[in-house]
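[1] quick one: sequence and predicted model below, then my questions.
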Amino acid sequence: MGRPVTGIRQLAPHTVLVTRLGAGAAVLAALCYSSFLLSPLTGAGSTRRGFISELEAAGQPWSWLYRLSDVVAGLAMLATAASMWSLLARLPRVRWACALLTMAGLGSVVDGASSMRCEVTATASCAVADTAGGLVGELSAVHTDSGLAGLIGIAGGAVLLGVLVRPCWPVFGPLSLGLGLCVAATALLDLALLLAGADIGSAERLRTLLSSGWLLLIGGWLPVGGPARPTEG
């Protein structure tokens, strides 16, 4: 993507396998990470203006599906990060981006394993209980911490990866950088809407789609970029 390289069929079998596994895992992660798109089909329309995590709250229809999709997305991110670590071994600094993607994957797994107990934006009593501890209580909540890990991991990973590989892949690099900055911008919009007491559903869903777009971008780039193994500039 941006640089002609040797075809994947001419590479070592191990490299071909790792490349295909990494690309497939990235696509799977993208699909599972944006599973909220299924909410109109699963009867969870009441949470369209609230947090995506509310789809996983107890009592929500098909909550198990959304929790499972978060776990699968996280595991797929871990597999993608491991593949990138191996394929881009000659770009040591890229491993920092892999570490950030790993953090995002772990955050997604934890998010699916520890969902919200109720719908914060739909139930007054739930909202009171959720904010009872103030800012400290909010930041100490597991689902808050896992969400922050996912945000920092994806936004930071996309920006760092874009900057580091841009000299070798002048198309993929700026795209990754741009998506990372967009994810960060929508996160700031989330915060502004939250502090203003406005609905954050649309902004959070846009951020999630941008994150999934970056994962899809990796899935398309790895078969072209990963096996090329350029030397670091």
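    Okay, I see it.
[2] C-alpha only now, for contacts and for neighbours.
    Will do.
[3] need the residues that contact stretch 106-115.
    53-54, 56-57, 66-75, 78, 142-143, 145-150 (CA atoms under 8 Å, 6 or more residues apart in numbering).
[4] so where's this protein shaky on pLDDT?
    Counting by pLDDT under 70, the chain shows low-confidence ranges at 1-10, 44-49, 116-143, 226-233.
[5] as a check, name the ranges of all helices in it.
    With DSSP state H as the criterion, the chain has helices at 13-33, 63-87, 94-113, 124-131, 134-140, 142-165, 172-195, 201-225.
[6] these: which one's closest to Thr42?
    Between Thr42 and the helices of the chain, the tightest spacing by CA to CA is seen for helix 63-87, at 9.3 Å.
[7] with respect to Gly43, which of the helices of the chain lies nearest?
    helix 63-87 (10.6 Å).
[8] show me what the closest one is packed up against.
    Applying 3 or more CA pairs under 8 Å, 6 or more residues apart in numbering; DSSP states H and E, one finds that helix 63-87 contacts helix 13-33, helix 94-113.
[9] how much does the shortest one deviate in direction from helix 201-225?
    Relative orientation of helix 94-113 with respect to helix 201-225: 140 degrees, computed using axes from the mean of the first three to the mean of the last three CA atoms, to 10 degrees.
[10] thinking again about what came up before, could I get the helices of the chain as TSV with distance to Thr42?
    Shown next, in TSV, are those (distance: least, CA to CA, whole Å):
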stretch	distance to Thr42
helix 13-33	15
helix 63-87	9
helix 94-113	18
helix 124-131	22
helix 134-140	29
helix 142-165	22
helix 172-195	25
helix 201-225	17
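[11] these two touch, right, Leu55 and Leu68?
    No - if you go by CA atoms under 8 Å, Leu55 and Leu68 don't touch, sitting 11.6 Å apart.
[12] more neighbours: those two, which one.
    Leu55 (30 against 18; other CA atoms under 10 Å).
[13] which one is that one nearest to, not counting chain neighbours?
    In this structure, Leu55 finds its nearest non-sequential neighbour in Ser63, 5.9 Å apart by CA to CA, 6 or more residues apart in numbering.
[14] in contact with the one you found, which residues?
    Leu55, Glu56, Ala57.
[15] check Leu215 too.
    Ala26, Val27, Ala29, Ala30 are the contacts of Leu215 under CA under 8 Å, 6+ apart.
[16] out of these, who's nearest Ala198?
    Ala30 (27.5 Å).
[17] burial of the closest one, as a residue count?
    Using other CA under 10 Å, Ala30 is surrounded by 27 other residues.
[18] quick check, it in contact with Leu217.
    No - in this structure Ala30 lies outside contact range of Leu217 using CA under 8 Å: 9.4 Å.
[19] report how many residues lie close to Ala196.
    If you count neighbours by other CA under 10 Å, Ala196 ends up with 10.
[20] ditto for Gly43
    A count of nearby residues for Gly43, using other CA under 10 Å, gives 12.
[21] what's the answer for Trp62, then?
    Neighbour tally, Trp62, other CA under 10 Å: 16.
[22] residues contacting it?
    With contact set as CA under 8 Å, 6+ apart, Trp62 has these partners: Thr42, Glu56.
[23] phi and psi next, for it.
    Per-residue torsions, Trp62: phi 60, psi 30 (degrees, to the nearest 10).
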